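# need a 3D model of the sequence below.
(one chain, ligands or ions: 2)
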Amino acid sequence: MDKLDVLVVDDEAYVCLMLERMMQNLNFRVETVNDGYSAIEKADARDFDVVLCDINMPDLDGLTILKRIKRIQPYAVFIMISGYSSLESALKATELGAYDYLVKPFSFDQVRLSIHRGIENKKLLLANRRLLEDVQDMNKCLERKVEERTAELRKAYEQLKELDALKSNFLDLISHEVNSPITLISGYLDLLKRDIDNISKEELCRLLEGANQGTIRLKKIINDVMELITLEAGKPFRNLHKIDLRKVLEQNILRIKDTIRERSLKLIVERPDEPLLVMGDASRLQQAFHNVINNAIKYTPDDKSIFIALKKANRNQAELMIADEGIGVPRHLQDKIFHPFYEALDIKHHSSGETKFMGGGMGLGLPISHKIIAGHGGEISLKSKGYDKGSTFIIRLPLVKKTAKGK
Ligand SMILES: Nc1ncnc2c1ncn2[C@@H]1O[C@H](COP(=O)(O)OP(=O)(O)OP(=O)(O)O)[C@@H](O)[C@H]1O
Ligand SMILES: [Mg+2]
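Ligands and ions are numbered 1, 2, ... in the order given. Predicted structure coming up:
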């Protein structure tokens with residue numbers, strides 16, 4: 001047994017002395033006191049493994065001492081000593097946390113055995129307490145994990161709900177965006193078939209042009225979907241050349257010139273005098289710019305302005321800003337519109353036609369631009385103060401690094 005600290009409490013000096021000797025004999029460290037207050041003072045000052053305490057004492061009785069010391073040292077092994085056997089006081093002592101109850105006269109072996117068992121019991125109690133603490137810790141950990149998982153599940157559920165809404169929106173979109181060109185094609189061809197013998201050449205051209213418009217729209221949809229699938233695969237662009245972004249912009253402006261006139265929009269373009277060189281896939285960059293510029297046209301009412309500025313943002317980046325006075329994008333949707341098939345607008349508000357105000361679309365333009373720009377090591381962002389407050393898209397692309405000679 002380890003060297004134990006034992007406190008002996010007895011008002012009879014000769015009992016104290018005898019117990020002190022016994023403890024020394026067992027190679028324990030021992031302190032003796034003759035009254036209850038001194039015992040409590042000792043227990044206040046330091047820990048004891050064992051307290052041997054007389055039940056009948058003149059000032060504080062043994063049971064009161066037991067109660068008070070147990071409050072300070074709950075794991076101290078209390079062995080009560082009594083001059084006579086009383087079932088009542090033995091029960092009371094056990095109830096208050098005493099481990100054993102010895103009746104005088106007792107033998108050396110009885111004391112030794114009682115202490116030994118008491119210490120073993122204390123070890124068990126402590127081990128139990130540790131186990132309980134471990135279980136409590138594990139429970140807390142488990143609760144935390146359950147909470148985390150619940151939060152993850154809740155988030156996944158919200159995402160699923162959003163995906164579900166997106167899916168129905170997508171189905172509405174598909175039926176609207178794909179069915180309208182198909183209706184055009186089949187409608188015009190039907191007219192042609194019915195009246196083929198009586199149709200004038202002019203009428204024939206008109207009907208064929210109607211069907212042709214349908215095929216152009218259908219082709220755009222298929223091309224966009226195919227392009228997005230290719231971009232999603234994340235393969236690096238292979239057709240890379242040194243390109244002057246001013247030229248890419250110029251081609252875009254040419255492409256929208258007629259629409260700008262038809263829609264009476266005011267277009268202000270600023271470009272730098274110096275070339276802005278990037279390594280890029282010209283036709284893809286052209287497409288990325290066009291999707292954003294075309295949106296500016298599509299979501300800005302007639303007679304309003306669109307402002308486009310190309311410039312060097314800093315030593316390493318070129319910047320294209322496309323700002324419009326259009327319908328704007330609510331803040332909570334500003335990230336979402338870069339995801340495929342996302343439409344900030346209700347499909348019911350679509351008008352048909354790619355460049356008309358609020359003209360319909362598949363919600364693929366921005367995701368395609370985003371992928372193309374990211375594939376060139378650049379970024380695209382949107383600032384809009386909200387509905388009807390206009391939108392400003394900013395595209396940044398890395399400039400070709402100049403060599404030491406400035407070439
Ligand atoms: N300049 C803008 N002003 C207001 N809303 C915009 C603007 N640009 C994009 N949006 C919103 O973001 C959504 C997604 O744009 P995106 O270009 O991806 O799709 P789309 O124009 O609807 O169709 P698509 O480009 O496939 O023909 C649009 O439906 C529109 O609600
Ligand atoms: Mg678009």
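
# which ones are touching residue 289?
Residues in contact with residue 289, defined by Cβ atoms under 8 Å, 6 or more residues apart in numbering, are 248-249, 252, 320, 369, 395. All C-beta spots, glycine's among them, are computed from the backbone N, C-alpha and C.

# for the strand or helix carrying it, list every residue counted as buried.
Per DSSP states H and E, residue 289 falls inside helix 282-298. For helix 282-298, the neighbour count (16 or more other Cβ atoms under 10 Å) marks 282, 284-298 as buried.

# go through stretch 84-96 and flag the buried ones.
Buried residues in stretch 84-96, defined by neighbour count with 16+ other Cβ under 10 Å: 89-90, 92-93.

# and the two most separated of these?
90 and 92 (7.4 Å; Cβ to Cβ).

# neighbours around residue 192, how many?
Neighbour count for residue 192, taken as other Cβ atoms under 10 Å: 16.

# quick one: it and residue 206 touch, right?
No. At 10.1 Å, residue 192 does not count as touching residue 206 under the criterion of Cβ atoms under 8 Å.

# for ligand 1, what is the nearest residue in the stretch 1-150 of the chain?
Per Cβ to the nearest ligand atom, residue 150 is where the stretch 1-150 of the chain lies closest to ligand 1, at 33.2 Å.

# against which helices or strands is the host helix or strand of that residue packed?
Under the criterion of DSSP H and E, residue 150 resides in helix 108-194. Judged by 3 or more Cβ pairs under 8 Å, 6 or more residues apart in numbering; DSSP states H and E, the packing partners of helix 108-194 are helix 13-25, strand 50-54, strand 77-82, strand 100-103, helix 201-232.

# buried sites along the last one?
Just to be clear, that refers to helix 201-232. Across helix 201-232, burial judged by 16+ other Cβ under 10 Å covers 207, 210-211, 213-214, 217-218, 220-221, 224, 227-228, 231.

# helices along the stretch 301-407 of the chain, start to end?
Using DSSP state H, counting those that start in this stretch, the helices of the stretch 301-407 of the chain run over residues 365-375.

# where does pLDDT dip in it?
Flagging of the stretch 301-407 of the chain using pLDDT under 70 yields the residue ranges 343-355, 358-360, 403-407.

# follow-up on the earlier one: residue 258: which of the buried residues of helix 282-298 is nearest?
Residue 258 lies nearest to residue 297 out of these, by Cβ to Cβ, at 11.0 Å.

# pull the number of nearby residues for the residue of the stretch 51-200 of the chain found nearest ligand 1.
Using Cβ to the nearest ligand atom, residue 177 is the residue of the stretch 51-200 of the chain that sits closest to ligand 1, at 8.1 Å. Residues near residue 177, counting by other Cβ under 10 Å, number 22.

# that one and residue 341 touch, don't they?
No. With contacts counted by Cβ under 8 Å, residue 177 stays clear of residue 341, the gap being 10.3 Å.

# tell me, what's touching the two both at once?
Here residue 177 and residue 341 share the contacting residues residue 362, scored by Cβ under 8 Å, 6+ apart.

# in contact with residue 24, which residues?
Here residue 24 is in contact with residue 30 (Cβ under 8 Å, 6+ apart).

# and it, how far is that from ligand 2?
For residue 24, the distance to ligand 2 equals 95 Å [Cβ to the ion, to the nearest Å].

# what of residue 307?
Applying Cβ to the ion to residue 307 and ligand 2 gives a distance of 18 Å.

# give me the beta-bridge partners of that residue?
Going by DSSP bridges, residue 307 is paired in beta bridges with residue 268, residue 323.

# do the same with the one 4 residues further on
Each beta-bridge partner of residue 311 is listed here: residue 319, as defined by DSSP bridges.

# what about it, how many residues close to it?
As a burial measure, residue 311 scores 15 neighbours (other Cβ under 10 Å).

# what about it, distance to ligand 1?
Applying Cβ to the nearest ligand atom, to the nearest Å, the value for residue 311 to ligand 1 is 20 Å.
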